[in-house]
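Colleague: pasting a predicted model and its sequence here:
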Amino acid sequence: AGGAPRRDYFGEIEYSNQQATAIYHEEGRALKVGSTWVYEYVLRDHLGNTRVTFRTSPTGAVTVQSVLDYYPFGMVNADRSSGAG
C-alpha cells in the first residue's frame, strides 16, 4: 500500500516509518538528511513568533531558510518576508 509515510512521535523525537527523522529542542530541531544530521535553529521575538530560521550543514556552513516579518496584529507581512534561499 502506498501513501504518506507513517509518522510517530515519542517525546521530542519524530519517527518516519520507524526511523528517527527529527529531534526537537528549545532552539529548533535536528533533521536527518540522508545519512547525516543537520541542525535548524529559530530566532524568536519577545512574543514567541519565529522571525528567522537558519540551518547548519555538517561542514559548518550556515544558510538562512526563512525570514518573517509581522504586521502589528500578527499576520505575516509577505512583502517583507522570504522563504528558503
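Modeller: Received, thanks.
Colleague: from residue 39, how far off is residue 60?
Modeller: 10 Å (CB to CB, to the nearest Å). (C-beta placed from N, C-alpha, C; glycine too.)
Colleague: ditto for residue 56
Modeller: Distance from residue 56 to residue 39, by CB to CB: 5 Å.
Colleague: residue 31 too?
Modeller: 8 Å.
Colleague: cool, residue 52 as well?
Modeller: Residue 52 is 14 Å from residue 39, by CB to CB.
Colleague: ok, residue 60 and residue 39, which is more surrounded?
Modeller: residue 39 (17 against 6; other CB atoms under 10 Å).
Colleague: for the more buried one, give me its contacts.
Modeller: By CB atoms under 8 Å, 6 or more residues apart in numbering, the contact set of residue 39 is 28-31, 55-56.
Colleague: from the chain's centre, how far out does the host helix or strand of it sit?
Modeller: Using DSSP states H and E, residue 39 sits within strand 36-44. Relative to the centre of its chain, strand 36-44 is centred 6 Å away, using CA atoms, centre = their mean, to the nearest Å.
Colleague: the helix or strand following it pairs with which strands, parallel or anti?
Modeller: For strand 36-44, the following helix or strand on the C-terminal side (DSSP H and E) is strand 50-56. Paired with strand 50-56 in the same sheet, following DSSP bridges, are strand 36-44 (antiparallel), strand 62-67 (antiparallel).
Colleague: distance of the residue nearest to residue 77 when sequence neighbours are not counted from residue 49?
Modeller: Counting by CB to CB, 6 or more residues apart in numbering, residue 77 lies nearest to residue 69, which is 4.5 Å off, once chain neighbours are set aside. Per CB to CB, residue 69 is found 10 Å from residue 49.
Colleague: same thing with residue 11?
Modeller: For residue 11, the distance to residue 49 - CB to CB - is 25 Å.
Colleague: neighbour count: the two, which is higher?
Modeller: Between residue 11 and residue 49, counted using other CB under 10 Å, the more crowded position is residue 49 (13 against 7).
Colleague: and stretch 13-28, what's buried?
Modeller: Judged by neighbour count using 16 or more other CB atoms under 10 Å, the buried positions of stretch 13-28 are 14, 21-23, 28.
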